[in-house]
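Peer 1: how would this look folded up:
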Amino acid sequence: MTVTILLADDHHLVRQGIRSVLETNSEFVVVGEASDGWQTMELVESLKPDVTIIDITMPGLNGLEVTRQVHEKTKVIILSMHANEAYVLEALHHGAYGYVLKESTATDLIQAVQKVADGQRFLSAPFSDHVLQTYLTRSQTSPLDPYETLTRREREVLQLMAEGWSTTEISERLYISPRTVEVHRANVMHKLDLHTQTDLVRYAIRRGLIAVDR
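Peer 2: Have a look, this model is predicted:
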């Protein structure tokens, strides 16, 4: 069975490395590569890959938000440097089927694609079925995360603001008016109880929406 794969990471060398690993398996075909979240969304629509491997921290639209929007169209594997259970739980919550650490072996990545393409969950070590059970339990009992109260557009505006985009630039990127951008910005600040641009950037970094070097 041939498995079509889309790679999404903002570092060309990382994508090259992943491609070379995957192409050792004759069943895998890498059909496209994306360097930011928006491009990933477009390629999922046009290429319809069986599996999409997404880095969490990407410019424009982070990997978790992309996953939230495309998980019904492709099975998502999050590839991440974050060896933190909280990130895994959030990835699962957003619809990811797999979570693989960037320090994992080539064998782990190949196994992840095989299992996810077959409709199974895959978490690389040190994560286990315990994390899945924790996710299921928390999803039923945990209070609503303030981030989950944001609309899709508010989440998009949040990331672009955190990356330093101006109101005009966001307006042009999202095809909405500057006034609408300001309304979304006000809603974001209110819902997340943020008061300054610095607060907003710190929040985005803490959630893994943007990298520290951005």
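
Peer 1: centre of this structure to the edge, which residue is at the far end?
Peer 2: Most distant residue from the mean C-alpha position of the chain: residue 179, 28.0 Å away (CA atoms, centre = their mean).

Peer 1: what residues does the helix or strand hosting that one touch?
Peer 2: Under the criterion of DSSP states H and E, residue 179 resides in helix 178-191. Helix 178-191 is contacted by residues 146, 149-151, 153-154, 157-158, 161, 167-168, 170-171, 174, 176, 194-195, 200 when judged by CB atoms under 8 Å, 6 or more residues apart in numbering. (Glycine included, C-beta is placed from N, CA and C.)

Peer 1: repeat the analysis, applying 7 Å as the threshold.
Peer 2: Helix 178-191 has contacts (CB atoms under 7 Å, 6 or more residues apart in numbering) with 146, 149-150, 153-154, 157-158, 161, 167-168, 170-171, 195.

Peer 1: one step back: separation between the residue farthest from the centre of the chain and residue 72?
Peer 2: Noted for residue 179: a distance of 32 Å to residue 72, by CB to CB, to the nearest Å.

Peer 1: am I right that residue 78 is in a helix?
Peer 2: No - counting by DSSP: H, G, I helix; E, B strand; the rest coil, residue 78 is located in no helix; its state is strand.

Peer 1: with adjacent residues omitted, what lies nearest to it?
Peer 2: residue 91 (4.5 Å; CB to CB, 6 or more residues apart in numbering).

Peer 1: phi, psi for the one you found please.
Peer 2: According to degrees, to the nearest 10, the main-chain angles of residue 91 amount to phi -60, psi -40.

Peer 1: residue 208 now?
Peer 2: According to degrees, to the nearest 10, residue 208 has phi 80, psi 20.

Peer 1: dump the residue contacts of the closest residue to it other than its chain neighbours.
Peer 2: Using CB to CB, 6+ apart and skipping the chain neighbours, the partner closest in space to residue 208 is residue 56 (5.3 Å). By CB under 7 Å, 6+ apart, residue 56 lies in contact with 62-64, 78, 80, 82, 87, 208.

Peer 1: give me that answer again for 8 Å
Peer 2: Neighbours of residue 56 in contact, by CB under 8 Å, 6+ apart: 62-64, 78-82, 87, 91, 208.
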